[in-house]
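S.K.: can't give you the sequence, but here's the structure:
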Ligand code: ATR
């Protein structure tokens with residue numbers, strides 16, 4: 001049997017096993033199975049040893065280990081290196097590779113649109129934030145990052161060379177109206193959680209997109225309020241599906257179709 005894993009903490013709510021096991025079945029990869037595993041930081045080395053020994057064929061990494069896993073890997077792809085964030089692991093030619101498919105997943109969810117001259121406002125500075133910032137680096141005119149803990153936003157800015165493109169904004173402070181506002185915080189994961197921020201200056205702006213990385217619940221308070229103001233909204237469902245699709249391709253060489261069934265698996 002070939003074993004695949006998603007590791008994180010917490011991990012109970014991960015939909016990755018449903019999705020990857022559905023794709024394994026669909027592509028008749030009968031000897032493959034995918035599980036979730038809640039781990040602690042001191043388990044990371046052991047997991048990678050199991051990849052080295054061919055006991056595990058592929059690993060997805062989620063919060064909060066996307067950066068912590070890096071010292072245990074041999075090689076990173078360009079995007080993982082630039083973002084210092086790994087979400088997909090496998091062994092190739094005896095080397096343990098770390099990839100980042102969050103960036104391509106996010107980009108593809110926006111139909112690979114070009115954000116030239118656009119202004120982006122990013123809330124949060126957690127595990128997925130560097131991937132979102134990286135997506136806009138080569139196109140956007142300005143990227144604002146605002147996090148409750150300012151120091152963490154500053155650390156993300158330091159990762160990237162085009163620093164004058166990025167501006168750190170105090171939590172709650174208003175800036176010029178942007179073209180996209182992305183929530184990368186975990187606020188909204190629990191149904192009654194609300195971000196304590198005022199976006200009334202975006203009222204009636206039907207050309208602005210409010211994007212929430214969260215997909216469960218489908219509409220966070222952040223998205224509900226944006227909809228009421230007349231803004232466009234998108235949740236993280238397509239990004240999640242597309243990062244998984246790209247991980248599956250790395251492991252198997254097959255790019256699975258995102259069909260209605262796979263989309264439905266995320267709303268169970
Ligand atoms: P990690 O920071 O461990 O990578 P994460 O879930 O990827 O975890 O990120 C959580 C993000 O949500 C952080 O940006 C966090 O802000 P802090 O850095 O200030 O902790 C943000 N967050 C969580 N709860 C929040 C709240 N009540 N208000 C505002 N931001 C919050």
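M.R.: Everything's here; your move. This structure is a prediction, so every number in the text was calculated from the model and none was measured.
S.K.: and the closest residue to the ligand within the stretch 1-150 of the chain, backbone torsions?
M.R.: Ranking the residues of the stretch 1-150 of the chain by distance to the ligand (C-beta to the nearest ligand atom) places residue 126 first, at 2.1 Å. Where you see a C-beta, it was placed from the backbone N, CA and C, and this is true even at glycine. Taking degrees, to the nearest 10, you get phi -100, psi -160 for the backbone angles of residue 126.
S.K.: List the contacts of the closest residue to it other than its chain neighbours.
M.R.: Nearest residue to residue 126, sequence neighbours excluded (C-beta to C-beta, 6 or more residues apart in numbering): residue 184, at 6.0 Å. By C-beta atoms under 8 Å, 6 or more residues apart in numbering, the contact set of residue 184 is 122, 123, 124, 125, 126, 128, 129, 132, 213.
S.K.: Could you check how far the nearest residue to the last one once chain neighbours are set aside is from the ligand?
M.R.: Think residue 213. Leaving aside its chain neighbours, residue 213 sits nearest to residue 236 (4.2 Å; criterion: C-beta to C-beta, 6+ apart). With distances taken as C-beta to the nearest ligand atom, to the nearest Å, residue 236 is found 12 Å from the ligand.
S.K.: Are we agreed that residue 7 is in a helix?
M.R.: No: counting by DSSP: H, G, I helix; E, B strand; the rest coil, residue 7 falls outside a helix, being strand.
S.K.: so it makes contact with residue 63?
M.R.: No: Residue 7 sits out of contact with residue 63 when judged by C-beta atoms under 8 Å, with a separation of 10.3 Å.
S.K.: who's more crowded, the two?
M.R.: residue 7 (22 against 14; other C-beta atoms under 10 Å).
S.K.: who touches the more buried one in this structure?
M.R.: The contact partners of residue 7, taken as C-beta under 8 Å, 6+ apart, are 36, 37, 38, 39, 43, 44, 47, 59, 60, 61, 62, 65.
S.K.: Excluding chain neighbours, give the residue nearest to the fourth one in space.
M.R.: Closest residue to residue 39 in three dimensions, ignoring its sequence neighbours and counting by C-beta to C-beta, 6+ apart: residue 7, at 4.9 Å.
S.K.: now residue 50, nearest residue through space, not along the chain?
M.R.: That would be residue 56: by C-beta to C-beta, 6+ apart, it lies 4.5 Å from residue 50.
S.K.: Look up which helix or strand the one you found falls in, please.
M.R.: Under DSSP states H and E, no helix or strand contains residue 56.
S.K.: Dihedrals phi and psi, it?
M.R.: According to degrees, to the nearest 10, residue 56 has phi -130, psi 130.
S.K.: Any residues of the stretch 151-268 of the chain in contact with the ligand? List them.
M.R.: Within the stretch 151-268 of the chain, the positions adjacent to the ligand are 152, 185, 186, 187 by C-beta under 6 Å from any ligand atom.
S.K.: Can you turn the buried part of those residues into a ChimeraX selection?
M.R.: The ChimeraX selection below is limited to those of those classed as buried (16 or more other C-beta atoms under 10 Å):
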select :185,187
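S.K.: now the residues of the stretch 151-268 of the chain next to the ligand in JSON lines, with pLDDT?
M.R.: Compiled in JSON lines, these are given as follows (pLDDT from 0 to 100):
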{"residue": "152", "pLDDT": "97"}
{"residue": "185", "pLDDT": "97"}
{"residue": "186", "pLDDT": "94"}
{"residue": "187", "pLDDT": "96"}
